[in-house]
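Build me a structure from this.
(chains A and B)
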Amino acid sequence: MSFIGIKNLGLLRAIILFIVLVVYNLGSVSNSYSLERLSAERLIKNISEKVNGVISSSSSQEEVITELEEIFKKYADTDIMSLTSLGPARRRASEVQLDNFKSAFQRYFLNKYARRFRELQDGEISILSSRSVRSIVEVKTRIRLIDWAPFEVVWLVSDRSGEIKIFNIIIDGINLLSSERTEIGVMLENRNGDIDLLSRDLRKLYH
Amino acid sequence: MSAKSNLFKTSLCLIFITLITSCGSAPIKESIDDPGESFNRKIHVVNRGLDRIALRPASKVYQIIPKPIRAGVSNFASNLKVPGMILNDIVQLKLSDASSNSARLVLNTTIGIGGIFDPASNLGLPEKNSDFGETLHVWGVSEGPYIELPIFGPSTMRHTFGRAVDLVTNPISVFGTTTEQQGAMIARTLKTVDQRGRFSEVVDSIMYDSEDSYAQARLLYLQQRREFLRKTGEKEYIDPYSDVYDK
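Numbers count the residues shown, from 1 in each chain, chains lettered A, B, ... in the order given. Below you'll find the model as predicted:
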């Protein structure tokens, strides 16, 4: 009697455990996308708070750029951004050339766009929606500035670098990475494909 | 008799529009089609020169005028375009946009004193932009090649044709006196000057900092225009990770 009871209890336990496991796994499978979307949204919130903090402070332009650089390094996948901008030329570049280009591009990109970020002062950002497209999460936001019509900014986020990071920003339809790919492509062509010369000249721009 | 024939004409029109719109919008291209590039680049050089000697300096001077006045002129110019937008909304069968733009036109023309003020936006009726280029897109006409127009700048074949139609069908062009037409043109020009001033850093960086301002202007125009035509349609993104890491 008790033997059967224990046996039944064991079976019952096994069944319960099985159901719990199945439910848990189903839950985690169906939640995996929304979890990723949530962390992507949280990332954008974090970034906008940090950027707002920096640009509304009364620091000098130089200090602002240095602080923005920190935020950029932390939250953006600068590697993929620079490699994508360089285009197919990256395949024939050496490791040293690539590292040099990456750091030059990072500087250039920041100097170029940091002043634009200053225009966002007193801006209000609200998250409209987010959506997973394969390994990419798209977070749509709306930015409101005083005296300006509100505009849409789309942030593309991925965790393929090992961390959840932004790799592209699309402002009112304008895709930053596409623009940079075009610009860097032209610059490279103008320098007869010399990546080292390109890196050197990138460091001189937008000071 | 005439009421009857009017009704007949209206229903014929509606049937025509329904037929046309049921064909479906033209697909949105991703690539750049620019067969006239070498000629377009010549126009671009001219446009850049015009910007440098006229528009850019004019926009700097215009910024001296107090902001409320500049905003009033720009609002007035925008309001003049609304009747044309309503027409385009109707032929695209975007009836909610048509009614929202109509409410906007009435409010801004009356309470907003001829469109100088923009009370409609504050009441949650922002401008629902539309133009005949968009109408052609909705009707299934494809984008056509890229063109850089003198003075007006980046465009496509379809957008250029649309602009011409919008200009000709604008109620001011049809019913306005010469003075009214001139007034409208001045307001439009001043709005352009004002916008050049407002976006000065962005425009300067495209026109003068880039090593290929033609390619940048073309890319930015096509991206923005296509985004406008895509509306809420979900966009497919290029995944740079698979391009860089999976090869």
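
which stretch of helix or strand covers the residue of chain B found nearest chain A?
For chain B, the residue closest to chain A is residue B:227, as judged by CB to the nearest CB, at 2.8 Å. To be clear about C-beta, it is placed using only N, CA and C from the backbone, and glycine gets the same treatment. Taking DSSP states H and E as the definition, one finds residue B:227 inside helix B:213-230.

returning to that earlier point: and the residue of chain B closest to chain A, how many residues sit next to it?
Residue B:227 is surrounded by 19 other residues when neighbours are defined as other CB atoms under 10 Å in any protein chain shown.

which ones are touching the residue nearest to it when sequence neighbours are not counted?
The spatial neighbour of residue B:227 that comes closest, neighbours along the chain excluded (CB to CB, 6 or more residues apart in numbering or on different chains), is residue A:173 at 2.8 Å. Listed by CB atoms under 8 Å, 6 or more residues apart in numbering or on different chains, the contact set of residue A:173 reads A:152, B:223, B:224, B:226, B:227, B:228.

Repeat that for residue B:83.
Contacts of residue B:83 were listed using CB under 8 Å, 6+ apart, and they are B:105, B:170, B:171.

again, only this time at 10 Å
Counting by CB atoms under 10 Å, 6 or more residues apart in numbering or on different chains, residue B:83 makes contact with B:101, B:102, B:105, B:109, B:169, B:170, B:171, B:172, B:174.

Which of the residues you listed ranks first by neighbour count?
The residue in the contacts of residue B:83 with the most neighbours, by other CB under 10 Å, is residue B:101 (28 neighbours).

so what pLDDT did that one get?
The score at residue B:101 is 96. That number is its pLDDT.

and what of residue A:7?
Residue A:7 carries a pLDDT value of 56.

so which residue of chain A comes closest to chain B?
When distances are taken as CB to the nearest CB, chain A approaches chain B most closely through residue A:173, which lies 2.8 Å from it.

Who's the closest spatial neighbour of residue B:230, skipping the chain neighbours?
When the adjacent residues along the chain are set aside, residue B:230 lies closest to residue B:28, with 5.5 Å between them (CB to CB, 6+ apart).

how about whichever helix or strand residue B:161 is part of, does it get close to chain A?
Assignment of secondary structure by DSSP H and E places residue B:161 within helix B:157-169. No: no part of helix B:157-169 sits close enough to chain A to count as contact by CB under 10 Å from any CB of the partner chain; the gap is at least 14.6 Å.

helices and strands around that helix, which ones?
Here helix B:157-169 touches helix B:67-91, helix B:132-138, strand B:146-149, strand B:153-156, helix B:171-175, helix B:213-230, going by 3 or more CB pairs under 10 Å, 6 or more residues apart in numbering or on different chains; DSSP states H and E.

which helices and strands does the next helix or strand along the chain from the longest one pack with?
Using DSSP H and E, the next helix or strand after helix B:67-91 towards the C-terminus is helix B:95-110. Contacts defined by 3+ CB pairs under 10 Å, 6+ apart place helix B:95-110 against helix B:67-91, helix B:119-122.

now the longest one against helix B:95-110, angle please.
Which is helix B:67-91. Put simply, helix B:67-91 runs at 140 degrees to helix B:95-110, going by axes from the mean of the first three to the mean of the last three CA atoms, to 10 degrees.

Could you list the buried residues of stretch B:188-203?
By neighbour count, and taking 16 or more other CB atoms under 10 Å in any protein chain shown as the criterion, the buried residues in stretch B:188-203 are B:188, B:190, B:191, B:192, B:193, B:194, B:196, B:197, B:198, B:203.

Assess the claim that the second one and residue B:71 are in contact.
In this case it means residue B:190. No: look at residue B:190 against residue B:71 with CB atoms under 10 Å: they stay out of range, at 11.1 Å.

Past the lowest-mean-pLDDT helix or strand in chain B, which element shows up next along the chain?
Ranked by mean pLDDT, DSSP states H and E, the helix or strand of chain B with the weakest confidence is helix B:2-22, at a mean of 66. Sequence-wise, the next helix or strand beyond helix B:2-22 is helix B:37-50, with elements assigned using DSSP H and E.

That concludes my questions; thank you for your assistance.
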